[in-house]
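Trainee: what's the 3D shape of this:
(chains A, B, C and D)
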Amino acid sequence: MMLNALYFWFFGTLAAVCGLGVVLSRHPMHSAISLVGTMIAIAALFLQLHSEFLAYAQIIVYTGAVMVLIVFTISLLNLRQTAGNPMCPSRWWGVVFVALLLLVFSAYQLIDKSHGFAGPARPSVPPDYGQVPTVARSLFTTYLFPFEFVAVLLTAAVIGATVLARQDPEQHPTEQEEQK
Amino acid sequence: MNNFAVPILGIQGIMPELLLSLAAVLILLLEMTAGDREGHGALSLSVAGLILAFIATFGADGKQVFSSLLVNDNLSALLDRVFLMAAFLVTLVSRPYLANYGLAKGEFFVLLLLATVGMMVMGAAMDFITMFLGLEMLSLSLYVLAGFFKKDVLSGEAAFKYFILGAFATGFLVFGMAFVFGALGTTNFAAMAHTLSAGSPPFPSVPTLLFGLALILAGLGFKISLVPFHTWVPDVYTGAPTPVTALIATGSKAAGFAALVRIFMITFPGSFQFWGAAFWWLALLTMIVGNLFALVQVEIKRMFAYSSVANGGYLAMAFLSHSDVGIKALLFYLFAYTFMTVGVFGVVSLAGRRERLLISEYAGLSRENPFLAAVMSLFLLSLAGMPGTAGFFGKFYLFAGAVRSGYLGLALVGILTTILSFYYYLRVIVYMYMRESEMPREALELAGSGRTALVLAAAGVLILGCFPNLIWISIEQVF
Amino acid sequence: METLLVLLIHLLKIIVVFSILLGCIAYAVLLERKLLGRLQVRWGPSRVGPFGLLQPIADGLKLFLKEELTPTRADRFLFVLAPLLSMGPALLAIAVVPFGDTTNLFGLLDQPILLQIADIHGGILFILALTSVGVYGIFLAGWSSDNKYSLLGALRSSAQMISYELVLGLSITVALMAAGDVSLRNIALSQGDGFWNWWIFSPKWFVLPGILGFFLYLISAFAETNRLPFDLPEAETELVAGYHTEYSSMKFAMFFMAEYCNIITVSCIAVTLFLGGWYAPFPFLPSGGLFGCVWFAVKVFILVCVFIWVRGTLPRLRYDQLMKFGWKVMLPLAIANVLLAAGGILLYEMWHGS
Amino acid sequence: MENGQGIITAFSTAEPFRWVGLVWLVPLFPAAATLLNGLLGRKVIRYRTGQLATVAMLGALIVSLLCIWDIARTGQPYNVDYFIWIGVGDFQLPFGFYVDQLTAVMLFVVSFVGTVIFLYAIGYMHGHPGYWRFFTYMPLFAVMMFLLVLGNSLPVLFVGWEGVGLCSYLLIGYFFDRDYAAQAGRKAFIVNRIGDFGFLLGMLLLYWTLGSVRFTDIVEHAPDIYPAGSVMITVITLLLFLGATGKSAQIPLFVWLPDAMAGPTPVSALIHAATMVTAGVYMIARLNLLYSLAPISLLVVGTVGALTALMAATIAFTQREAKRILAYSTISQLGYMFLALGVGAFDAGIFHLMTHAFFKACLFLSAGSVLHAFHEDRDVDIFQAGGLRRYMPMTRLAFLVSAVAIAGIPPFAGFFSKDEILFEAFAGGYILFWGIGLTAAFCTAFYMFRLYSLLFSGEFRGTEHQRRHLHECPFIMWFPLVILALLSLVGGWVNIPGLFPKFHAFLRPVFAEAHELAGPHRELAGARIWEISLALLSVLVALTGIFAARLCYVQLPKLPHWFAETFPSLFIASLHKYWIDEAYQATVVKGFYSACRLAQWCDNRIIVAGLNAFAALIRHLSEIGTQLQTGYVRHYALAIVIGVVFLLIGMLL
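Mentor: Okay, here's the model as predicted:
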C-alpha cells in the first residue's frame, strides 16, 4: 500500500511539476521537454491503473512520435529568445481564470456529493482490464467500426498532408520568377 | 488465443459510407495509375459513388449496427441524403471551378468524399466515439480542402485558422464527452438515456453531466458557428475555395446539427430545462449578430458567411420546440438551406474568373450571364424567405414551432432579423439587375456540370417552395 | 516479511544483472576493438593486462579524469539531461529481458525464482516505448550543444531512428503474431524443443516470414543503434562526430556506453524473439535454469560479434540513400511480411484446426 | 401520415368509375406542351410548337367535354384531393380539384375558346420572332387557368390566379423590346397587385374566421359561422371583390386592360377577353354563398358593375384604335356580368360570361385579321381603315355576326344573356341598374357598329401601299373565326327563357342555396308579359344604337363632327377616357408622390432623429462588430472561451 502511494505521489508530482514547466518555461524547447516529462509521468500513472497498453501507447505515440516532431520544429526554428515577457498581465488573467473555473467545477463536484449523487453503479474492474489482449479483443469486436474507421481517417490525413506538403511541378517556374 | 467471437458486422448498415469510401479509394488508384489530369475520371467516380450512396440510404431499417455504435434509422438516412445532396452539388460545381484554376486534382474529390463519409458517420452515430471520429474525419478533410489553393495566401490562412480553432473547439468537445462519460459511465447514447431514466436522484440535473453537456454544446457550436463560436467563419469562408465554403456551410453545419439533435433532443430531452436557455441565448445572439454583421459587408463571400451564421441561429431555434416538431422543422430547413446555400456559393464560384469579388462587382451580371443572375436571384429570394421558395417554408416551420412552444419573443426576433436580411440579399439583386458594370469582367465558361448543379439546386428550391410535402412526407417518417 | 523478501530478491537480481550488463558493456568495447583489429589484420589493444584485458578499466579511468567541458552558450540543463536520457532507457530495457527459465540456484532456495528482473505484461511494448524515449537523449544532446554540426547530427539521428522504428516494430510483429503474446517470457517459452521451433524458422508458416522478419529486425536495429553502416549522425568526415562533438569526459562516456548497451539489448531481444531465447538448439541439450543463461549468453555474444563484423565490413551509406532505403524498401517489405505471416498463420490454423 | 391517401382514393377503383375522374388530365396536356416547348422549342421543335400546343389544347378540350358530359349526366359534383400540398401539424391543405356545373361551364369556355384561339395563333404568329416563346407561355396560361377553375380551395385558385397574372404579364410584354409593351406589362402587373393584396387579405381573414379555405367546407360552414349581413362577411367579400376588380378590370382598377392590348392579338382574345378577365366573375360566382350572406357587398358589386358597364361603353365611343375599343367593350361587358352577380342572378352572369367569350373572342380575332392584313402588331387606327369588306369577306362576316351578337339582337347569343341580366335586374327591383344597363346596351350597339362601319364600310382611307397588301387571312385563321361566329349565333340557344331554359337548370344546383338566401324578390306579377315587353324594349334600344351608328358613320359622316363641336365637353371627356388615367396620375400617383414627399419631410425633420438614427445605430453596431473580427486567431479563441464560460455559468446556475 505504502509503495503504491509512494509511486502515485512521485509520478503525480512529476506530472504536475512538468505541467507547470510547460506553461512557465521561457524557452519553447524547455516547455516541450517538460511536456515529454508530463507524458511519461502520466504513462506511469496509467501503469499503476493496470492500463498497460495505454501506458505504452502513450509513450510510443506521444513521446516517441508527436513530441519528437514538435521538438524538431522548435529546433529548426532556432528560437533563442522568446519575444517579450511570457507572463504578461493578460496571461495572468488567463491563469486566474482557469483556476477559478477549476474551483467552480470542484465546488460542483462537492455539490454532487452533497446531493447524495454517487453516479450509476459501475461493475468492478475486471482483472485483465487494460491489458494488451483485452484491448485487442475489444478493438476487434465491440469497437471494430471505430478501429477500421480510424484507418480511413488516417488515409484522409495522409492524403491531406500530401496535398499540402507536395510541391506542384507547375509551381516551380513561378517561384523562380519571383526570386528573380 | 484466437477464439473470440466474430462481431456482428452489420455491413448493410453502413452501405452508403462504404460506397463513398470505395469511390474515394478508386479515385486514388485511378490518379496513381492513369494520371487523370483533367479530373474527368475523378468527377465521374465521385458522382457515381454519391448517387449509389444516395440510393443506398433508402435501405434504412432502423437497426443498430456494430455493437450499437451506429444506427441506421430514418433520421440518419434523411440526414445522409442532405449530406449527399450537398456533396453532390458541390462536386458538380467544383469541376469547372477547379479547371478554371488549373487544379482539377483527384485529391480534391477524394477529400470531399471522405468529408461526406465523416458527416454521415456523425449523423448515424449512437456513441460518442463514433461521433467524434466522424467529426474528425469531416474536420480533417475540410481543413485540407480549405487550404487547397496553396498559392493563395488567404486560402492558407483560412486552413490555418480553421485548423487551430477547430482543434481548440474539439478539445472542449472531448472534454465535455469525458464529463458526460464520467457522470453516466457510458459513451453510448441509448445506454445513457436508459441510465437517465433509471436513475435516482434525478440524473438530468447532475452538475457533472450538465458541465459536460455545456462543453459539448460549445464544441459543436463551433461546427455550426453559433455566436460566439462563429469567429472563424468569415475568414475561413472567404479564404477557402468557394465550393469548399459551400460544403463547410452546408454539409458540415448539417452534420453538427445532426450531432446536436442526437445528443440533446434524443438522448437528453429530460434536461431541457437546463440546456434550453442556452439554446435560447445562442439562437438569439446568432440571429442578431449574423444578420447585423452581414449588413455592412462589401465582399460577397463574407456577406454570405455572416448570412450562413444567421441561418445557424434560425436552425438553433428548433431545439426549443418539442422534440419531434423541432427535429422535423430542422430537417426541413436543412434541406432547404442546403439547396439555397450551395446555390449561392455555386454562383459565387462560377461568377468570375477571380475569387472574392465585391458585391458591387456583380453589377451588370444579368446582362453578361442572365442564367447565373437569374438563379442567384432565386437563391437570394429563398434565403430571404420569399413565399414560393424553399426558404419560406423552412423559416415558417421553424418559427411556427418556436411560437407553438411558447417562444414568441424569439420567433419575433427571428422574423425581424429576417426582414433585416432582405436588405442585404436584395442589394445583390439590385446590383445584378439595375447597375451597369463598370469594368468588364472575365466570365467563366459555364461548363455543363456547373450549370447542372445550379439548375438542380434551383429546382430543389422551387420544388420545396411549391410542394413542401414532397420532403415533409419522408420527414414525418422519422418518428 | 514476505514483502521484504520479495523486495530483497528483486534488489539482488537488479544488482546482479546490471553489474553483468555494465561489465559486458565494458568488454564489448574491448571486443569490438580487438575484433576490428583482426578484421583489419592488426592486433588491437594488447598492452594493458594480459591480451589487453584491462584496457576497459584504463579507458574508464581516462574518461573519468578528463576535463569536463561545457560550451558557454549551451543549454546547461538539457546538456546534462541528454546523456542521462540516452543512458537511462538503454539500461532499463534489459529489465524485461528473460535470460532463462526459473532456477532455485541448485536447491539453495525453497521456491524457484525467475531469471528475469520483471516479467511485465506487454514487455515488448515496454521496450519499444523505451526506444522511442531514447531518441531524446541524442536529439537534446545535439540541440543543447549549440553547435551546427551537433544539431545536424542530432536531427539526422532522430529522423533515422523514427523512420526505422516503424520497420522495427513491424518486424517484431511477426514473432508476436506467431507466439500470440506480447510478453517476452511467453514468447521465449513458445520456442522450446529444438531450433526448428525458433520463430526464425517457425513451423507455423513456411520459413520466409521468419527469416525476413529477423533480417529486417537486424537491419533496423543497426539503424536504431546508429551503428555502421547507418552511423550517419556521427559521421566524422561530415559532422565531426555529430551530436556528441561537444561532450567530453563522463558525459561522453555515457553516450558511448549507451551505444554498446543498446547493441546488447537489441541482441537480447533478437535472441528472445527469433532465436529461441534461452533454449538450446537441440532438445537433448539442457536448457533449464542457469544452463539457459549460458545458451542465451552464447547467442547474444554471436549477435554482438555480427554487429562488429558488419561494422568492419560495410561502408557508410549516404543520408538520403538511408532514408530512401528505410521508407521505400524496408517499410513495404515489413508490411508485406506481416501480411505474409498473417496469411501463413491463417493457413496453418485451418490446417491444424486452430 | 395519410398523405398518400389522396392519390389512392383518386386513382383506385373503390368508387364506381366516373369520366370526370380524368379531370387531372386537363391541365396536364398543356403542361406537357409548356414543358416540351420551353425546353426544346427554340432549337428542336421550332415551328411545330404551335401545332403541339394546339393538339395539347385539343386533348384538354376532349377530356373537358368528357367531364362535362359526366357532370351533366350524373349531376353530382366531383371533389378530389390529390396530395397534401402544405402540411404543418394540424394545418393540412390538400391540393385537389372540384368539378361541378359551374366548373363545367368554365372548363368548356376555357378549353374550347382556347383551342380555337391556339389554332388561330398558329397562323397569326407565323414568322414572329420568339414563336416558340409564345407557344410556351400560352399553354402555361392554359394550365394556370385550368388550375384557377378546377381548384377545390381558395389557395389552389389563388395559384391559378397568380399564374394567369404572370402569364398575362409575360404575354403583354411579349414584344418586350418595345417600350410601350414593357410599360403596359408593368402597369397590368402593378394594378393587379393591388387587387391581389385585397384577395390575399380576404382569403386569410376567411381562413382565420372559418378555419378552412376549401369550397366544400365554405359551403357547409359559412351560413353557421357568419350571420347574414355581419361585418366580417361583408369585409371578407369586399376584400375578395377588390381582387376581382383588379383581375376583371372593373372600377377602380380597370385602367390596365386597354393598355394590355399591347400584347399579340390572340393573347388579347384569349386572356384579356374570353378567360382570364372573367376570373373575378368566376370567383364571385364560386363563392356565391358568401356573397349572398352579405347584401351590402352584393350591392357594391352590382353598382360597380353597372357603372363600369356604362362608363367603359361611353369611352369606347370616341377611341380610334380597334383593339382599344374592343378592350373598353370587354370592360363594359364584364360590368354587365358583375351587375348580374350584384342582383343575385349568378346564373345569368355566368351565362353572359360564356356567350361573351364566344363573340368577344371572335371580335378580337377578326380585329387580329385586320391587323394581320395591315402588317401591324399593335393596333390599327380605324380612321385609316374602311371598306375592308371587299378585301376580307370572311373576316367581315364573322365580325358582323359577333357585333350583332354583342349588340343584343335576337336570335344571336348576346341577346339572350344580356337581356336576361336586364330582366333579372328589373325583376329584382333594381330599376336604376336596369336603366343604366339599358343605356349601356344602346352604347354597346352604337360603338360596335361605329367600329364595324369604320372598318368595313365605305372606302379605304389608308395609304396606297397598305391597300395593295390588303388580303383575306389564310384558312387557318378564318376557320376559327367561322367557328366562333357560329357559336355567337347559336350560343345563346341553350337558354331561351320559357322555352328552353336548359342552362339555368344545369346550373341550378350550384346557386340554389344562394338564391334562397338572396333571391326572395323574384316574384314579379305577370312575369311573362314583363319579360317579353322588356325584351322588345331592349331590342329596340339596340336597333336604335345600330341605326344611329350607321347614320353617323355611313350615311352622314358629318354628324359626329357636328356632335363633337356642339357638345365638346362630352366628346372630350369620352375621348380622354374621363381622364381616369390622368385622375390616377393626379390623385393616386401624385398623391403617392406627395405622400412620399410628406414622408420625406417627416423623415428629414422627425425620423432622421429617430429611424435614421436607429439605422445608423445598427450600421454603427455592425461596424463596431466587424471590428471585433480582428483576424487574430487568439482573439477568436478568446471569444470561444468566453462563450464556453457563459455557457457553463448559464447551464450550471
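Trainee: can you map out the helices along the stretch 1-150 of chain C?
Mentor: Remark: helices assigned in the stretch 1-150 of chain C by DSSP state H, counting those that start in this stretch are C:2-39, C:55-65, C:76-92, C:123-144, C:148-179.
Trainee: Would you mind finding the longest strand in chain D?
Mentor: Identified as the longest strand of chain D according to DSSP state E is strand D:78-88.
Trainee: Just after it, pick out the following helix or strand.
Mentor: Sequence-wise, the next helix or strand downstream of strand D:78-88 (DSSP states H and E) is strand D:91-99.
Trainee: Who are the packing partners of that following strand?
Mentor: In terms of contacts (3 or more Cβ pairs under 8 Å, 6 or more residues apart in numbering or on different chains; DSSP states H and E), strand D:91-99 is packed against strand D:78-88, helix D:131-150, helix D:154-172. Heads up, the C-betas are built off the backbone N, CA and C, glycines and all.
Trainee: so which of those gets nearest chain C?
Mentor: strand D:78-88 (56.6 Å; Cβ to the nearest Cβ).
Trainee: tell me the mean pLDDT for that closest one?
Mentor: For strand D:78-88, mean pLDDT is 78.
Trainee: In this structure C:Ile211 contacts C:Trp199, no?
Mentor: No - the criterion here is Cβ atoms under 8 Å, and C:Ile211 misses it with C:Trp199 at 10.0 Å.
Trainee: Of these two, which one has the most company?
Mentor: C:Trp199 (30 against 16; other Cβ atoms under 10 Å in any protein chain shown).
Trainee: what about the more buried one, distance to C:Gly344?
Mentor: 12 Å (Cβ to Cβ, to the nearest Å).
Trainee: Break the chain down into its domains, please.
Mentor: In the absence of a named chain, this looks at chain A. Split into domains by automatic domain parsing, chain A comes to A:1-79, A:131-167.
Trainee: Oops, wrong one, chain D.
Mentor: According to automatic domain parsing, the ranges for chain D are D:1-172, D:173-575, D:581-652.
Trainee: export these to JSON lines and tack on mean neighbour count and distance to C:Ser150?
Mentor: Shown next, in JSON lines, are the domains of chain D (neighbours: other Cβ atoms under 10 Å in any protein chain shown; distance: least, Cβ to Cβ, whole Å):
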{"stretch": "domain D:1-172", "mean neighbour count": "21", "distance to C:Ser150": "74"}
{"stretch": "domain D:173-575", "mean neighbour count": "21", "distance to C:Ser150": "81"}
{"stretch": "domain D:581-652", "mean neighbour count": "14", "distance to C:Ser150": "34"}
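Trainee: These into a markdown table, with extra columns for distance to B:Lys301?
Mentor: Shown next, in a markdown table, are the domains of chain D (distance: least, Cβ to Cβ, whole Å):
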| stretch | distance to B:Lys301 |
| --- | --- |
| domain D:1-172 | 33 |
| domain D:173-575 | 34 |
| domain D:581-652 | 14 |
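Trainee: Near A:Thr134, how many other residues are there?
Mentor: 16.
Trainee: pretty sure it is in contact with A:Asp128, am I right?
Mentor: Yes - using Cβ under 8 Å, A:Thr134 is in contact with A:Asp128, at 4.9 Å.
Trainee: Which pLDDT value does the model give the nearest residue to C:Leu21 once chain neighbours are set aside?
Mentor: In this structure, C:Leu21 finds its nearest non-sequential neighbour in C:Ile94, 5.5 Å apart by Cβ to Cβ, 6 or more residues apart in numbering or on different chains. Note on C:Ile94: pLDDT of 87.
Trainee: dump the residue contacts of B:Leu79.
Mentor: Residues near B:Leu79 by Cβ atoms under 8 Å, 6 or more residues apart in numbering or on different chains: B:119-120, B:123-124, B:254-255, B:258, B:331, B:334.
Trainee: Assumed it was part of a helix.
Mentor: Yes - counting by DSSP: H, G, I helix; E, B strand; the rest coil, B:Leu79 is found in a helix.
Trainee: now it: how far from chain C?
Mentor: From B:Leu79 over to chain C the distance is 37 Å, taken as Cβ to the nearest Cβ, to the nearest Å.
Trainee: Any idea which helix or strand in chain C has the lowest mean pLDDT?
Mentor: Taking mean pLDDT, DSSP states H and E as the measure, chain C has helix C:236-239 as its least confident helix or strand, at a mean of 64.
Trainee: State the next helix or strand along the chain beyond that helix.
Mentor: helix C:249-274.
Trainee: that older thread, which of the domains of chain A sits closest to chain C?
Mentor: Closest among the domains of chain A, using Cβ to the nearest Cβ: domain A:1-79, at 2.5 Å.
Trainee: wait, does that closest one contact chain C?
Mentor: Yes - where contact is defined by Cβ under 8 Å from any Cβ of the partner chain, part of domain A:1-79 touches chain C, namely A:27, A:29-30, A:33, A:36, A:40, A:43, A:52-53, A:55-57, A:59-60, A:63-65, A:68, A:71-72, A:75-76.
Trainee: anything in that domain near chain B?
Mentor: No - residues of domain A:1-79 are not located near chain B by Cβ under 8 Å from any Cβ, the shortest gap being 13.1 Å.
Trainee: near chain D at all, that domain?
Mentor: No - for domain A:1-79, no contact with chain D is found by Cβ under 8 Å from any Cβ; the gap never falls below 15.9 Å.
Trainee: Let me know the average pLDDT across that domain.
Mentor: 86.
Trainee: tell me how far it is from the chain's mean position?
Mentor: 8 Å (Cα atoms, centre = their mean, to the nearest Å).
Trainee: if you compare the helices of the stretch 1-150 of chain C, which one is most tucked away?
Mentor: Mean neighbour count, computed with mean count of other Cβ atoms under 10 Å in any protein chain shown, is highest for helix C:123-144 among the helices of the stretch 1-150 of chain C, reaching a mean of 26.
Trainee: Export that one to PDB, keeping only CA atoms.
Mentor: Listed next in PDB are the C-alpha coordinates belonging to helix C:123-144 (Å, rounded to 0.1, in the frame of the first residue of the first chain):
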ATOM      1  CA  GLY C 123       7.100  -6.400 -22.300                       C
ATOM      2  CA  ILE C 124       7.900  -5.900 -25.900                       C
ATOM      3  CA  LEU C 125       5.800  -2.700 -25.900                       C
ATOM      4  CA  PHE C 126       7.800  -1.500 -22.900                       C
ATOM      5  CA  ILE C 127      11.000  -1.900 -24.900                       C
ATOM      6  CA  LEU C 128       9.600  -0.100 -27.900                       C
ATOM      7  CA  ALA C 129       8.400   2.700 -25.600                       C
ATOM      8  CA  LEU C 130      11.900   3.000 -24.100                       C
ATOM      9  CA  THR C 131      13.500   3.000 -27.500                       C
ATOM     10  CA  SER C 132      11.300   5.900 -28.500                       C
ATOM     11  CA  VAL C 133      12.400   7.900 -25.400                       C
ATOM     12  CA  GLY C 134      16.000   7.200 -26.300                       C
ATOM     13  CA  VAL C 135      15.700   9.500 -29.300                       C
ATOM     14  CA  TYR C 136      15.500  12.500 -26.900                       C
ATOM     15  CA  GLY C 137      18.900  11.800 -25.500                       C
ATOM     16  CA  ILE C 138      20.600  12.100 -28.800                       C
ATOM     17  CA  PHE C 139      18.500  14.900 -30.100                       C
ATOM     18  CA  LEU C 140      18.800  17.100 -27.000                       C
ATOM     19  CA  ALA C 141      22.500  16.500 -26.900                       C
ATOM     20  CA  GLY C 142      22.800  17.900 -30.400                       C
ATOM     21  CA  TRP C 143      20.500  20.700 -29.800                       C
ATOM     22  CA  SER C 144      21.700  21.800 -26.400                       C
END
